[in-house]
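**Q** Predicted model, plus sequence, below.
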Amino acid sequence: MNEKLTAFILSFVSGFVDTAGFIALGGVFTAHVTGNFVLAGASIARSSTEGVFVKLVMFPIFAAGVGLSYWAACFLERKNKNALFYLLLAEAVFLFIFAALGFYFQPASSVTMTETQIIIAGGIGVLAMAMQNALMKIHLPKMTMTTVMTGNVTQFSIDTMKRIFGVFSTDANEENSAEIAARMSKVGAVLLGFLAGAILGALLFINFALLACLLPCALVLFVAAQFRNHPN
């Protein structure tokens, strides 16, 4: 499958899950887990410890998910299996569980989850996003990152200035205009995908609660199918 389309779909999944999850879980990020540190710090600054533990516990869950994904990839590769395909399948399974558990705990968007329910459902969502982060680093390192947009916005902004004002560097290895334009196209697709996912995730959550995450689950399965014959 076209690299730009793959990146667009995976970034859409990240934006969708992060936004729907943030609303459902009372302000807990599933993809942008370091954001939970900021929220925890803000709660402490307001002299409130409510939800601090929930936000902080997502970090070790995320780290464990990345570590286990790496171990699984190494194990599968030693067995001459298609690790990328199976990691994508695993992500889809965890997204399905996230949607199902979320809907069980929160059948309507007006219902509030308990702290325990947030840890259980949120932990599953974080594991799914940890797998996506891991497979990007392990198997798709040349692809634009699809989960955290800060670096992508930075690169897009720098490239925009290069295109508008020209290249100022005297480095002989400086990229030409076509190379910069090609990178902007790839990064722009990812930013657009994340934004579209975030907007649709919020809108669908209103009517379907976390059951809406069946959509990103289906999209990850679609991407997995495209990598079914990916070389090991």
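**A** Cool, got the structure. Residues are numbered from 1 along each chain as shown.

**Q** Show me what counts as buried in the helix or strand bottoming out on mean pLDDT in the chain.
**A** When each helix and strand of the chain is scored by mean pLDDT, DSSP states H and E, helix 35-45 comes last, with a mean of 83. Residues 35-36, 39-40, 43 are the ones in helix 35-45 that count as buried (16 or more other CB atoms under 10 Å). Every C-beta, even on glycine, is put in place using the N, C-alpha and C of the backbone.

**Q** Give me the contact list for it.
**A** With contacts defined as CB atoms under 8 Å, 6 or more residues apart in numbering, helix 35-45 is touched by 27-29, 49-52, 55-56, 58-59.

**Q** With respect to residue 66, which of those residues is nearest?
**A** Nearest to residue 66 among the contacts of helix 35-45: residue 59, at 10.9 Å, using CB to CB.

**Q** what number of residues lie near that closest one?
**A** Applying other CB atoms under 10 Å, we find 15 residues neighbouring residue 59.

**Q** State the pLDDT value of it.
**A** Residue 59 carries a pLDDT value of 93.

**Q** Next, count neighbours for the spatially closest residue to it that is not a sequence neighbour.
**A** What sits nearest to residue 59 in space, not counting adjacent residues and going by CB to CB, 6 or more residues apart in numbering, is residue 33, at 5.7 Å. Applying other CB under 10 Å, we find 24 residues neighbouring residue 33.

**Q** my read: residue 33 touches residue 60, true?
**A** No: counting by CB atoms under 8 Å, residue 33 does not reach residue 60; the two are 9.8 Å apart.

**Q** Show me which parts of stretch 183-203 are buried, residue by residue.
**A** Across stretch 183-203, burial judged by 16+ other CB under 10 Å covers 183-184, 186-191, 193-194, 197-198, 200-202.

**Q** out of those, who's nearest residue 154?
**A** Using CB to CB, residue 187 is the member of the buried residues of stretch 183-203 that sits closest to residue 154, with 9.7 Å.

**Q** sorry, back to before: counting neighbours, which of the contacts of helix 35-45 end up buried?
**A** Among the contacts of helix 35-45, those classed as buried by neighbour count (16+ other CB under 10 Å) are 27-29, 51-52, 55, 58.

**Q** Pipe those residues into TSV and attach distance to residue 126 and secondary structure per row.
**A** Output for the buried ones among the contacts of helix 35-45, formatted as TSV (distance: CB to CB, whole Å; DSSP: H, G, I helix; E, B strand; the rest coil):
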residue	distance to residue 126	secondary structure
27	14	coil
28	8	coil
29	8	coil
51	15	coil
52	16	helix
55	11	helix
58	5	helix
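
**Q** Check those residues and tell me the two furthest apart.
**A** 29 and 52 (14.1 Å).

**Q** contacting residues for residue 193?
**A** Each residue near residue 193 by CB under 8 Å, 6+ apart is listed here: 7-12, 15, 146.

**Q** Leaving out chain neighbours, which residue sits closest to residue 123?
**A** Take residue 123 and drop its neighbours on the chain: the residue closest to it by CB to CB, 6+ apart is residue 61, 4.8 Å away.

**Q** cool, and residue 20?
**A** If you skip the residues right next to it in sequence, residue 20 has residue 201 as its closest partner in space, 4.0 Å away by CB to CB, 6+ apart.

**Q** Can you name the helix or strand that that neighbour falls in?
**A** Here residue 201 sits within helix 177-208, counting by DSSP states H and E.

**Q** on that earlier part again, so what's the residue count around the residue nearest to residue 123?
**A** Per other CB under 10 Å, the neighbour tally for residue 61 reads 19.
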